[in-house]
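Asker: here's a sequence, model it:
(one chain, ligands or ions: 1)
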Amino acid sequence: MSKKPSLASLVFAYFEQRPFVELAHDDWVDEVMRQYEDLHGRVPRDPWRAARKLHEEGKLQKVRKGVYKYDPRLVYDPTLEEFTEQQKNYIFVRDQHRCVVCGKSRADGIELHIDHIVPRDKGGRAIIDNGQVLCAQHNFLKKNLDATESGKRLFIRLYEAAKGKDNQDVLTFCREVLEVFAKHDVNGHIDWTP
Ligand SMILES: [Zn+2]
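Answerer: As a prediction, the model looks like this:
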């Protein structure tokens, strides 16, 4: 007995036959449910989940809530680790050609990069949802983020310890260092207030 196609493969086939068309659930759900029922003899469960899964896998692009489209140029290719030129162009346009951290653009005389939000060595894939525009400086800082994060936490701990001992010299030193972190918006997600 040959293997019957999964619900996800039926949903994908429907989109694949209609490249670049924005499709809401109501557009495809009846047809795909009918195909599935013909093949499997029962009604599928949660066809919406199949579409979400295809989106998560990078096979369908999400246009807005509940609306997807198939764009053959943007499909994730697991053999590729890098973003394609088309994907890079898409990300640049989506992020308005600005660093998502500082908002600077090439007009400010800086270089822009496409960054993997989840790094490739941590399983991040070359799909557009995992890409963002960063300036050279913030790309560098992000790549070294682990080091600067522990640095900031170290100075926060030292600052709190000095406060307990009322050591004004160490307090001043730590405050100035932490103000430099704040001024350059480095590790802004780690809260520190004097
Ligand atoms: Zn930046």
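Asker: Met33 contacts Pro44, correct?
Answerer: Yes: using Cβ atoms under 8 Å, Met33 is in contact with Pro44, at 6.1 Å. C-betas here are computed from N, CA, C, even on glycine.
Asker: pLDDT-wise, which helix or strand of this protein ranks last?
Answerer: helix 145-165 (a mean of 83; mean pLDDT, DSSP states H and E).
Asker: CA atoms of that helix as PDB?
Answerer: These are the backbone C-alpha positions of helix 145-165, laid out as PDB (Å, rounded to 0.1, in the frame of the first residue of the first chain):
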ATOM      1  CA  LEU A 145      26.500  39.400  23.000                       C
ATOM      2  CA  ASP A 146      27.200  36.600  25.500                       C
ATOM      3  CA  ALA A 147      30.400  38.400  26.500                       C
ATOM      4  CA  THR A 148      28.800  41.800  26.900                       C
ATOM      5  CA  GLU A 149      25.800  40.300  28.800                       C
ATOM      6  CA  SER A 150      27.900  38.700  31.400                       C
ATOM      7  CA  GLY A 151      30.000  41.900  31.600                       C
ATOM      8  CA  LYS A 152      26.900  44.100  32.300                       C
ATOM      9  CA  ARG A 153      25.700  41.600  34.900                       C
ATOM     10  CA  LEU A 154      29.100  41.600  36.600                       C
ATOM     11  CA  PHE A 155      29.100  45.400  36.900                       C
ATOM     12  CA  ILE A 156      25.500  45.300  38.300                       C
ATOM     13  CA  ARG A 157      26.500  42.800  40.900                       C
ATOM     14  CA  LEU A 158      29.600  44.800  41.800                       C
ATOM     15  CA  TYR A 159      27.500  48.000  42.000                       C
ATOM     16  CA  GLU A 160      24.900  46.300  44.300                       C
ATOM     17  CA  ALA A 161      27.700  44.900  46.500                       C
ATOM     18  CA  ALA A 162      29.400  48.400  46.700                       C
ATOM     19  CA  LYS A 163      26.100  50.000  47.600                       C
ATOM     20  CA  GLY A 164      25.800  47.500  50.600                       C
ATOM     21  CA  LYS A 165      29.300  48.400  51.800                       C
END
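Asker: start to end distance for stretch 100-107?
Answerer: 15 Å (Cα to Cα, to the nearest Å).
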